[in-house]
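Peer 1: My questions concern the predicted model and sequence given below.
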Amino acid sequence: MHTFDLSKVAIDDVPPNTKRGGDLRVLLSPKTCDATSGFMGVGTLEPGEFVSEHYHPFSEEFFHTVRGRILLRVEGQEVVLEPGESFMVPIGVRHRIENPGTEQAFVTFFLSPLAPRPDLGHVDCEPLPGAGTLPEVGDVR
């Protein structure tokens, strides 16, 4: 029998991070549940909000739209995700997430595999629109 921590994390357990735009919350990660293969979170974007363009040198990023509509700008191409639709951004591909609609958008995201160190996992390609600090994913323990 395996011994492991039964980690349950609620959205309200994690403070919002707005540095890169929108309201991003990393829920399951090496920091919160000793994850070793990736991390998962949620994002809320009000109409007109965006998450600044970036890429992940070591990770694929998976998106799933739960509510509202998001526009992904992926290497100059546009992909619209409606509720119930998902999309995967390959490793090293620049992308930006926007809410072009008139209602709040709510998305889930998952990145895998983890970068060798958290500071190597995300490369910003434009000025960051929000205040505060960057999300903390934590190191693999």
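Peer 2: Cool, the structure landed.

Peer 1: Which pLDDT does the model give the closest residue to E136 other than its chain neighbours?
Peer 2: Among residues not flanking E136 along the chain, K31 sits closest, at 5.8 Å (Cβ to Cβ, 6 or more residues apart in numbering). Quick note: C-beta positions are derived from backbone N, CA and C, even for glycine. Residue-level confidence at K31 comes out at 89, pLDDT.

Peer 1: What of the one 10 residues further on?
Peer 2: With respect to pLDDT, G41 scores 97.

Peer 1: Now do the contacts for it.
Peer 2: 14, 24-29, 108-110, 135 (Cβ atoms under 8 Å, 6 or more residues apart in numbering).

Peer 1: what do you get for S7?
Peer 2: 28, 32-34.

Peer 1: 6 Å instead, please
Peer 2: S7 makes contacts with C33, as judged by Cβ atoms under 6 Å, 6 or more residues apart in numbering.

Peer 1: Just to be sure, V51 is in a strand?
Peer 2: Yes: assessed by DSSP: H, G, I helix; E, B strand; the rest coil, V51 belongs to a strand.

Peer 1: Quick check, it in contact with R20.
Peer 2: Yes: at 5.2 Å, V51 and R20 qualify as touching, with contact defined as Cβ atoms under 6 Å.

Peer 1: Who has more neighbours out of those two?
Peer 2: Counted by other Cβ atoms under 10 Å, V51 and R20 do not tie: V51 has more neighbours, with 26 against 22.

Peer 1: residues contacting that one?
Peer 2: V51 neighbours (Cβ under 6 Å, 6+ apart): 20-22, 97.

Peer 1: how close does M88 get to N17?
Peer 2: From M88 across to N17, the span is 22 Å (Cβ to Cβ, to the nearest Å).

Peer 1: Looking at the two, which is more packed in?
Peer 2: N17 (20 against 10).

Peer 1: does that one really touch D23, like I thought?
Peer 2: No: counting by Cβ under 6 Å, D23 is not a contact partner of N17; they are 7.5 Å apart.

Peer 1: Which pLDDT value belongs to F4?
Peer 2: 62.

Peer 1: and the residue most central in space within the chain, what helix or strand is that in?
Peer 2: The chain has F109 as the residue nearest its centroid, 4.8 Å off, counting by Cα atoms, centre = their mean. In the assignment (DSSP states H and E), F109 maps to strand 105-112.
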